[in-house]
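Undergrad: Predicted model, plus sequence, below.
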Amino acid sequence: MAGDGATARLVAALARGGRPPEGHVVQNFHPLPHINITAPERGLDVDQTNRSVIVDERVVVKWLTPPLPLPQPAPEVYAHLAAVGFTETAQPYAALVACPADGPETLVALMTAYLPEARDGWEWCVDEAEAGRTAFAADLGRLAADLHAAMATPSAAVPSPVRQAAPGPLWDDRARAALDEALELTDGPDGAWLAARANVLRDGVSALGRAGGTPLIRIHGDLHVGQTLRWRDGYAVIDFDGNPTVTGADPYQPAARDLAQLRTSLDHVAQVTVKHRRAGLPRMLAWAREARALLLSAYRDRLTTHDMSWLLAEELLDPFEIEQECRELIYAARHLPRWRYAPMGVLRARIPAEEDQ
């Protein structure tokens, strides 16, 4: 538990080259800062799924509850990003892995740098929306492009980070399955509205079945504004754990899938601002359109700077965005029913009036 000193003692010991607890191994990404064995620690209230402890205001230890069987995406991604010099994240220090004699290895904890004055994207971005400011969206576009360029750069951890694929019906089938599940799980008037427009949504994702050869990289997998911290020194992308509504998917996907989710999250910010800040819907929809356009333009420009404009298959953005709204409905039904208003608001705004019947 935070405050009992156990996490601080672990970090202090590992920073000094000590052995991990018996039956565990450590995967190191960057050297841990030296910390006193009696350093203060406190809990991080915003982490709901796992338990995070801040040690000496310098290290965050995210305890996985329960520990997760390996492989998990975060350790490999951290190793790769560290190797290619990507710094626009909370610097990863180490992963603690349990190695029982009679069972599978599990990821127990992740240790990263603490970012002073950090605010979650669902806080700072809603403030930006309420104020009508959109300049931040260019920063997010550049951040996403930097991340994808880093993911596409070879390293010792991932020597061949780019693949080529023409999956045929695979992505279309995945998107249609998400729509079918959203239809099944969404009840009441929202469910009726969704069912009446199911064919429009199916047509919207059909382009995925016609996608040509597309470069694939290991994407973030759950890239939304809530995964972008604004802190004292800028922005940082965090939490490389994948999409909570997708199991067993290939981590190598088009960069457009990440970008689509990041753009739709701006639409969700607009819906949140309407609901919780009493902003006018027309003004927020216009704000989202402007922010989405700025993000995409900055993303394109930054990829060009990296000489990697070939990474973005822009024709996949719209169908991936429709799929993402379906996944938001699935997430709401399974985990957070009060969230349903956001993806439903986005879909209602997205479907043209002539099709809204």
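TA: Arrived safely, thanks for sending. These figures come from a predicted structure and were not determined experimentally. Numbering: from 1, shown residues only.
Undergrad: Give me the phi and psi angles of residue 218.
TA: Dihedral angles of residue 218 (phi, psi; degrees, to the nearest 10) stand at phi -70, psi 110.
Undergrad: now do residue 99
TA: phi -130, psi 70.
Undergrad: what about it, neighbour count?
TA: 14 (other C-beta atoms under 10 Å). C-betas here are computed from N, CA, C, even on glycine.
Undergrad: pLDDT value on it, please?
TA: Looking at residue 99, its pLDDT reads 96.
Undergrad: Touching, it and residue 22? I think so.
TA: No. Residue 99 is not in contact with residue 22 according to C-beta atoms under 8 Å; the separation is 9.9 Å.
Undergrad: Below-threshold pLDDT in this protein: ranges please.
TA: 1, 45-48, 166-168, 244, 353-357 (pLDDT under 70).
Undergrad: As a check, name the ranges of all helices in it.
TA: 6-15, 73-84, 121-131, 136-151, 169-185, 188-196, 198-205, 255-277, 281-305, 317-334, 341-350 (DSSP state H).
Undergrad: what angle do the fourth one and helix 121-131 make?
TA: By that I understand helix 136-151. Note on geometry: by axes from the mean of the first three to the mean of the last three C-alpha atoms, to 10 degrees, helix 136-151 and helix 121-131 are set 150 degrees apart in direction.
Undergrad: circling back: just tell me which of the helices of the chain ends up closest to residue 62.
TA: When the helices of the chain are compared by C-beta to C-beta, helix 73-84 sits nearest residue 62, at 9.0 Å.
Undergrad: For that closest one, name the packing helices and strands.
TA: Contacts defined by 3 or more C-beta pairs under 8 Å, 6 or more residues apart in numbering; DSSP states H and E place helix 73-84 against strand 92-98, strand 106-113, helix 136-151, strand 214-218.
Undergrad: sorry, back to before: looking at the helices of the chain, which is closest to residue 53?
TA: Nearest of the helices of the chain (C-beta to C-beta): helix 6-15, 4.3 Å.
Undergrad: helices and strands around the closest one, which ones?
TA: Against helix 6-15 (3+ C-beta pairs under 8 Å, 6+ apart) you get strand 51-55, strand 59-69.
Undergrad: and the ones you listed as JSON lines, adding distance to residue 270 and mean neighbour count?
TA: Below are those laid out as JSON lines (distance: least, C-beta to C-beta, whole Å; neighbours: other C-beta atoms under 10 Å):
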{"stretch": "strand 51-55", "distance to residue 270": "29", "mean neighbour count": "22"}
{"stretch": "strand 59-69", "distance to residue 270": "30", "mean neighbour count": "18"}
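Undergrad: Reformat these into JSON lines and put distance to residue 17 next to each item.
TA: Formatted as JSON lines, the helices and strands packed on helix 6-15 follow (distance: least, C-beta to C-beta, whole Å):
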{"stretch": "strand 51-55", "distance to residue 17": "17"}
{"stretch": "strand 59-69", "distance to residue 17": "16"}
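Undergrad: how near is residue 53 to residue 109?
TA: Distance from residue 53 to residue 109, counting by C-beta to C-beta, to the nearest Å: 9 Å.
Undergrad: my bad, residue 155
TA: Residue 155 is 23 Å from residue 109, by C-beta to C-beta.
Undergrad: More neighbours: those two, which one.
TA: residue 109 (24 against 17).
Undergrad: That one contacts residue 93, correct?
TA: No. Using C-beta under 8 Å, residue 109 makes no contact with residue 93, being 10.5 Å away.
Undergrad: could I get the helices and strands packed on helix 73-84 as CSV with distance to residue 272?
TA: As requested, the helices and strands packed on helix 73-84 are exported to CSV (distance: least, C-beta to C-beta, whole Å):
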stretch, distance to residue 272
strand 92-98, 30
strand 106-113, 27
helix 136-151, 15
strand 214-218, 29
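Undergrad: residues contacting residue 267?
TA: 288, 292, 346, 349 (C-beta atoms under 8 Å, 6 or more residues apart in numbering).
Undergrad: Which member of the residues you listed is positioned nearest residue 205?
TA: residue 346 (15.1 Å).
Undergrad: Nearest residue to the closest one in space, ignoring adjacent ones along the chain?
TA: Spatial nearest neighbour of residue 346, excluding adjacent residues (C-beta to C-beta, 6 or more residues apart in numbering): residue 267 at 4.4 Å.
Undergrad: Next: residue 329.
TA: residue 182 (4.1 Å).
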